[in-house]
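1. Just need the structure, nothing else, for what follows:
(one chain, ligands or ions: 1)
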Amino acid sequence: MKTILFNLTDTELVEFITKLRQPKFRAKQIREWLNRGAPDFKSMKNLPEKLRLDLDCIAQTLPVRIIKRLDSSDGQTTKFLLELNDCEQIECVLMRTSYGNSVCVSSQAGCAMGCKFCASTLLGLKRNLTVNEIYSQILVAQWELRNDKFSDKPIHPNGDANNNDVSHIVIMGTGEPLQNIENVIGFIERANSDMGIGWRKITVSTCGIVPGIKELTKWGRPINLAISLHAPTNELRSEIMPINNKYKLEDVLDAATEFSNLHNRQLMIEYILLGRKNKDDETELLNSTPEHAEKLSTLLKGKNCMVNLIPWNAVDERDFAAPSGNAVHRFQDILIKNGIHTRIRRERGQDIGSACGQLRLNNTKGTK
Ligand code: SAH
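-> Coordinates of the predicted model:
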């Protein structure tokens, strides 16, 4: 098996390079390339060609390898399917937006949470990702931006962010971050210290693991917290999100509010709008009737929060349907009338299957 150089300490890297009868400074040069996200040795332009070829036979740069990439037709979203050393696959998504470059990273290979609308959980949980495996996802995005075919024609000329840097991170890819909290915290600390990404530009999204939220509160960094709520009552939430049988809606919201209040941050509430086709092929609203909107308003009244309404992104294996645009706007109007900040999440990269876990799932299906 090839040695993954990114996983070596500085001392180990020097040892590795010395064994190849190379001067020590080569280790420093390689480290710089690794920290920039170099996906292969041929990119390491200041190494002699012979060494690059030798390294290629015995080593790998990062603990993730790009096996597929998809660009949305507008060029704003790029989705990567990455392979880990044990052949597990994960996804990460780079979104070039008006406020900067945001990367959505995975925290686990697969997911154990069993949410009924989600593709990530269909094959169950394979394993937790290491800090290096999570961090490598932002390096992949960073390398992409620096060598970006889209970056010489900025899409948002008025955007304040440097076009070539990752500026925001959302831990919203495959997996439940609070089930892998130690490595997720390690990753965030490192993204902050090594890449200079501010706490407030990092968002952790959870389906509602109460002890994990409390641990984030104890940890004390002012990051953003997003709760995947998706239903305004325990009965309905338990039906679509099995985790609700363990941690009730009110307890999740209490823990999340405590976290956000501590840092004076707005809590993000994610709410997928779900429907189901009936036998006449009409879409019946599952969690998105005006009544649900009223209930959700009551639940969130007085909280410093922002509701992100997400039209469901279709997954073949899941028998839901997205409500019509009218139903979505009616739902939003009721929340706004009740004084709840609400926005409809812009669909990014729909043409490249950007919903959680879709690319990984489709690729696995294709190879079986
Ligand atoms: N486990 C974490 C983070 C991963 S999921 C969590 O639950 O928050 C990231 C977000 O995408 C969650 O809000 C999840 O509910 C949502 N999601 C999953 N599948 C989706 C789909 N098919 N369409 C739209 N949103 C989806």
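
2. next one: phi and psi at the residue nearest to S238 when sequence neighbours are not counted?
-> Spatially, and ignoring its direct neighbours in sequence, S238 is nearest to N244 (4.3 Å; C-beta to C-beta, 6 or more residues apart in numbering). Placement of C-beta: from N, CA and C, glycine included. Main-chain torsions, N244, degrees, to the nearest 10: phi -70, psi -20.

3. Could you do H168 as well?
-> Per-residue torsions, H168: phi -130, psi 150 (degrees, to the nearest 10).

4. Could you check how many residues crowd around it?
-> 20 (other C-beta atoms under 10 Å).

5. Would you confirm that it contacts V105?
-> No. With contacts counted by C-beta atoms under 8 Å, H168 stays clear of V105, the gap being 11.1 Å.

6. how about the residues of the protein near the ligand?
-> Within the chain, the residues that sit near the ligand (C-beta under 6 Å from any ligand atom) are 113, 115, 117-118, 172, 176, 205-207, 228, 270, 272, 310, 312-313, 315, 355-356.

7. May I ask you to confirm that I344 is in contact with M306?
-> No. Contact criterion C-beta under 8 Å: I344 and M306 do not qualify, at 11.8 Å.

8. any common contacting residues for those two?
-> By C-beta atoms under 8 Å, 6 or more residues apart in numbering, I344 and M306 have no common neighbours.

9. quick revisit: can I assume the residue nearest to S238 is in contact with T233?
-> No. In this structure N244 lies outside contact range of T233 using C-beta under 8 Å: 9.8 Å.

10. In helices, which of the residues of the chain next to the ligand fall?
-> Of the residues of the chain next to the ligand, none are assigned to helices by DSSP state H.

11. filter these to the buried ones?
-> 113, 115, 117-118, 172, 176, 205-207, 228, 270, 272, 310, 312-313, 315, 355-356 (16 or more other C-beta atoms under 10 Å).

12. which ones among the residues you listed are found in strands?
-> Judged by DSSP state E, the subset of those located in strands is S205, T206, S228, E270, I272, I310.

13. Look up the residues forming beta bridges with the third one.
-> Bridge pairing for S228 (DSSP bridges) gives the partners E270.

14. so it sits right up against I209, yeah?
-> No. Using C-beta under 8 Å, S228 is not in contact with I209, being 10.9 Å away.

15. where do the helices sit along the stretch 151-300 of the chain?
-> Using DSSP state H, counting those that start in this stretch, the helices of the stretch 151-300 of the chain run over 181-195, 210-219, 234-240, 249-263, 290-300.

16. Make CSV from the ones you listed and add distance to R330 and mean pLDDT to it.
-> Output for these, formatted as CSV (distance: least, C-beta to C-beta, whole Å; pLDDT from 0 to 100):
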stretch, distance to R330, mean pLDDT
helix 181-195, 37, 97
helix 210-219, 31, 98
helix 234-240, 18, 98
helix 249-263, 23, 96
helix 290-300, 6, 98
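
17. In JSON lines, list those helices along with distance to I138 and mean neighbour count.
-> Formatted as JSON lines, the helices of the stretch 151-300 of the chain follow (distance: least, C-beta to C-beta, whole Å; neighbours: other C-beta atoms under 10 Å):
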{"stretch": "helix 181-195", "distance to I138": "6", "mean neighbour count": "18"}
{"stretch": "helix 210-219", "distance to I138": "20", "mean neighbour count": "17"}
{"stretch": "helix 234-240", "distance to I138": "31", "mean neighbour count": "16"}
{"stretch": "helix 249-263", "distance to I138": "22", "mean neighbour count": "18"}
{"stretch": "helix 290-300", "distance to I138": "32", "mean neighbour count": "18"}
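
18. Look at the nearest residue to Q29 once chain neighbours are set aside and say how many residues are nearby.
-> Leaving aside its sequence neighbours, Q29 sits nearest to N46 (C-beta to C-beta, 6+ apart; 5.6 Å). Neighbourhood size, N46 [other C-beta under 10 Å]: 9.

19. how close does the nearest residue to N132 once chain neighbours are set aside get to V170?
-> Take N132 and drop its neighbours on the chain: the residue closest to it by C-beta to C-beta, 6+ apart is P63, 5.2 Å away. In this view, P63 and V170 are 21 Å apart by C-beta to C-beta, to the nearest Å.

20. Looking at N244 and T233, which has the bigger crowd around it?
-> When neighbours are counted by other C-beta under 10 Å, N244 and T233 differ, and N244 comes out ahead with 24 against 15.

21. ok, that one - contacts?
-> Per C-beta under 8 Å, 6+ apart, neighbours of N244: G208, A231, N234, R237, S238.
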